[in-house]
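Got a sequence here, can you build the structure:
(chains A and B)
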There are 2 protein chains.
Amino acid sequence: MNEDAIIRKLRRHAPLIGDDCAVVQGPRNQDLLFTTDFSIEGVHFTRGAPAGQIGRRAVARSLSDIAAMGGSPLYCLISLALGPWTDQSWIDGFYHGVNQLLSQTKTQLAGGDISHANQLVCDVMLCGAVRKGKALRRSGAKVDDIIYVSAPLGGWRHKREIVPRLDIGRALIGKATSCMDISDGLALDLHRLCRASGVAAEIDAVPLLERATVEQALHDGEDYELVYTAPPKRRVPGIRIGSITKGHPGALRYLGKKLAPTGYDHLQQRS
Amino acid sequence: MNEDAIIRKLRRHAPLIGDDCAVVQGPRNQDLLFTTDFSIEGVHFTRGAPAGQIGRRAVARSLSDIAAMGGSPLYCLISLALGPWTDQSWIDGFYHGVNQLLSQTKTQLAGGDISHANQLVCDVMLCGAVRKGKALRRSGAKVDDIIYVSAPLGGWRHKREIVPRLDIGRALIGKATSCMDISDGLALDLHRLCRASGVAAEIDAVPLLERATVEQALHDGEDYELVYTAPPKRRVPGIRIGSITKGHPGALRYLGKKLAPTGYDHLQQRS
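As a prediction, this is how the structure comes out:
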């Protein structure tokens, strides 16, 4: 069973799952956004990676979900199951990376849990806020909308570090018709956006990170850039990559040819 | 390094950790409570346990933290890293237990993450609310206060299932001087409460579950009852077990003899 199939089944159990964050009623004129993301040794990172980078990335993945909804981060909870090999200096390095990014994004570390497991497991929960009723969704793309990405793509191999696109997300409020973050590759994530919106997409050009290939940009994970749509005459930041078309919901074409919606699948490693 | 030592070090990284939940400003006259709790195969449960019971318990642990602050639960996020042995019927059973308890406590399942690991790892995040400035804390116990528990103790061995004490917690608002939940045994958790309050405690009597021993009630984990303090003349629900005394912060006596603050340590298994 792949990730989308399991998530479809889970949706029966948790009906609010679907966008990058859950949206619930918040204080005054705000909605609250909730998101949670695992970072698991051997799945999301390898043991040898610098502890600070693992910490920074674990938080960046959740911040990117807040960005994808046009929100601002408020509070963060970090649950950490230490691996048998984890020592105090690793923990210090991990939290150095965590706190650096939290402080850059004005997010408060509010708590967490600590335990142990056979491999290191981190779960980052973020609570953010967005103007009531204004959260960006996956489901609003319309035929003839232009498709944009926030920056060149190519997957984690070609990236020094993830920069959550909070400023771009906020700038898209009231302008973009749909938005999500690219965590599993442009093809798979744009497919999800199109399916949620009941439309198809034609990609004309894929902006690439230095040394990245089109194949990597389309099907590799962990870009954590935003992909979003807006009507043709509306001015939005970002790089134009194609347009929304009529067609089977979720169907993709690249330079006129059918494009398979394959990408990084955290349950199957590669779908 | 044991759990308290690691948590003391983590507190430098996450200053809000200390009570059962983090307390942050919420809508109107409310504070929001956040808590997160792992349930890990081989640490918090064994693989053979019924899936529904594992799900119910995973949620109950976090609900108990909300109860310990006098709060009401609102939203729940569940992150689930499936083990290699997990199948669809296990997932269905797990969510059956989860949803049963969430519906009984009027808590909305708002989302989560899904991944895989070498062992099953579940992380439950709960967001609750409490009247502004009224959350119950660990740190308010005063000399001569009476100590109470919400029900007889004895640890998970003697319990059919955890019942989060939300009603009792809410009834203690404005009455109890301190409160926390007993997750790691009465001795260790009362020690933590006394240390946070700068006081000592004398236990006179320990109410026991059927077939449980005093040793189990004092030092076994997973009771998830509340332990709390109130001035002698104030009427509160629960069972009286002793009183707060002057002395080295955190020092405990049981029937006049010094009592070691040992209990269940999720990092060391048994401290």
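
residues in contact with the nearest residue to A:Gln53 once chain neighbours are set aside?
What sits nearest to A:Gln53 in space, not counting adjacent residues and going by CB to CB, 6 or more residues apart in numbering or on different chains, is A:Gly97, at 6.1 Å. In short, each C-beta sits where N, CA and C put it, glycine included. Residues in contact with A:Gly97 (CB atoms under 8 Å, 6 or more residues apart in numbering or on different chains) are A:Pro50, A:Ala51, A:Gly52, A:Gln53, A:Ile54, A:Gly55, A:Arg56, A:Arg57, A:Val59.

what does A:Leu186 give?
A:Val149, A:Leu153, A:Ile203, A:Val206, A:Ala217, A:Leu218, A:His219, A:Asp223, A:Val227, A:Ile241, A:Gly263.

so where do the strands sit in chain A?
Under the criterion DSSP state E, chain A contains strands at A:22-25, A:30-40, A:72-82, A:108-116, A:121-131, A:146-149, A:178-182, A:200-203, A:225-230, A:239-245, A:252-254, A:257-259, A:264-265, A:269-270.

distance between the first one and the chain's centre?
Put plainly, it is strand A:22-25. Computed by CA atoms, centre = their mean, to the nearest Å, the chain-centroid distance of strand A:22-25 equals 17 Å.

returning to that earlier point: now, of the strands of chain A, which is deepest in the fold?
Of all the strands of chain A, strand A:225-230 has the most neighbours on average by mean count of other CB atoms under 10 Å in any protein chain shown, namely a mean of 28.

on that earlier part again, any idea how far B:Ala60 is from the residue nearest to A:Gln53?
As defined by CB to CB, to the nearest Å, A:Gly97 lies at a distance of 33 Å from B:Ala60.

Pretty sure A:Glu41 sits against A:Ala51.
No. Using CB atoms under 8 Å, A:Glu41 is not in contact with A:Ala51; the gap is 11.6 Å.

Chain B versus A:Ala200, what's the distance?
A:Ala200 sits 27 Å away from chain B, taking CB to the nearest CB, to the nearest Å as the criterion.

so where's the stretch 1-150 of chain A uncertain?
Scanning the stretch 1-150 of chain A for pLDDT under 70 picks out A:1-18.

please redo it, this time with the cut-off set to 80
Applying pLDDT under 80 to the stretch 1-150 of chain A flags the ranges A:1-20, A:26-28.

Show me how chain A divides into domains.
As assigned by automatic domain parsing, chain A contains the domains A:3-131, A:146-259.

how much distance is there from the longest one to the middle of the chain?
Once both centres are worked out by CA atoms, centre = their mean, domain A:3-131 turns out to sit 11 Å from its chain's centre.

what do you get for the shortest one?
Between the mean C-alpha point of domain A:146-259 and the mean C-alpha point of its chain there is a distance of 11 Å (CA atoms, centre = their mean).

Determine how far the last residue of it lies from the first.
Here the two ends of domain A:146-259 are set 18 Å apart, with distance taken as CA to CA, to the nearest Å.

And for stretch A:113-122?
10 Å.

Do any residues in that stretch lie close to chain B?
Yes. Stretch A:113-122 reaches chain B (CB under 8 Å from any CB of the partner chain) through A:Asp113, A:Ile114, A:Ser115, A:His116, A:Ala117, A:Asn118, A:Gln119, A:Val121.

Show me what the last one is bridged to.
Beta-bridge pairing of A:Val121 under DSSP bridges involves A:Ile40, A:Ala81.

Then the third one?
When bridges are assigned using DSSP bridges, the partners listed for A:Ser115 are A:Ala81.

ok, so what distance separates it from B:Pro84?
Distance from A:Ser115 to B:Pro84, by CB to CB: 20 Å.

mind checking how far A:Val98 is from B:Phe38?
A:Val98 is 17 Å from B:Phe38, by CB to CB.

and if you look at A:Gly185?
On the measure of CB to CB, A:Gly185 and B:Phe38 end up 30 Å apart.

can I have stretch A:190-197 written out in PDB, keeping just the CAs?
What follows is stretch A:190-197, C-alpha atoms only, in PDB (Å, rounded to 0.1, in the frame of the first residue of the first chain):
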ATOM      1  CA  LEU A 190       1.100  19.000  -8.500                       C
ATOM      2  CA  HIS A 191      -0.900  15.800  -9.200                       C
ATOM      3  CA  ARG A 192      -2.300  16.000  -5.600                       C
ATOM      4  CA  LEU A 193      -3.200  19.700  -6.000                       C
ATOM      5  CA  CYS A 194      -4.900  19.000  -9.400                       C
ATOM      6  CA  ARG A 195      -6.900  16.100  -8.000                       C
ATOM      7  CA  ALA A 196      -8.000  18.200  -5.000                       C
ATOM      8  CA  SER A 197      -9.100  20.900  -7.500                       C
END
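
picking that back up, how about the domains of chain A, which one is nearest B:Gln104?
B:Gln104 lies closest to domain A:3-131 among those, at 15.8 Å (CB to CB).

and the nearest residue to A:Gly174 once chain neighbours are set aside, what does it touch?
In this structure, A:Gly174 finds its nearest non-sequential neighbour in A:Lys134, 6.6 Å apart by CB to CB, 6+ apart. Neighbour list for A:Lys134: A:Asp31, A:Gly70, A:Ile173, A:Gly174 [criterion: CB under 8 Å, 6+ apart].

likewise A:Arg211?
For A:Arg211, the contact set (CB under 8 Å, 6+ apart) comprises A:Gly154, A:His158.

Having no further points to raise, I will conclude here.
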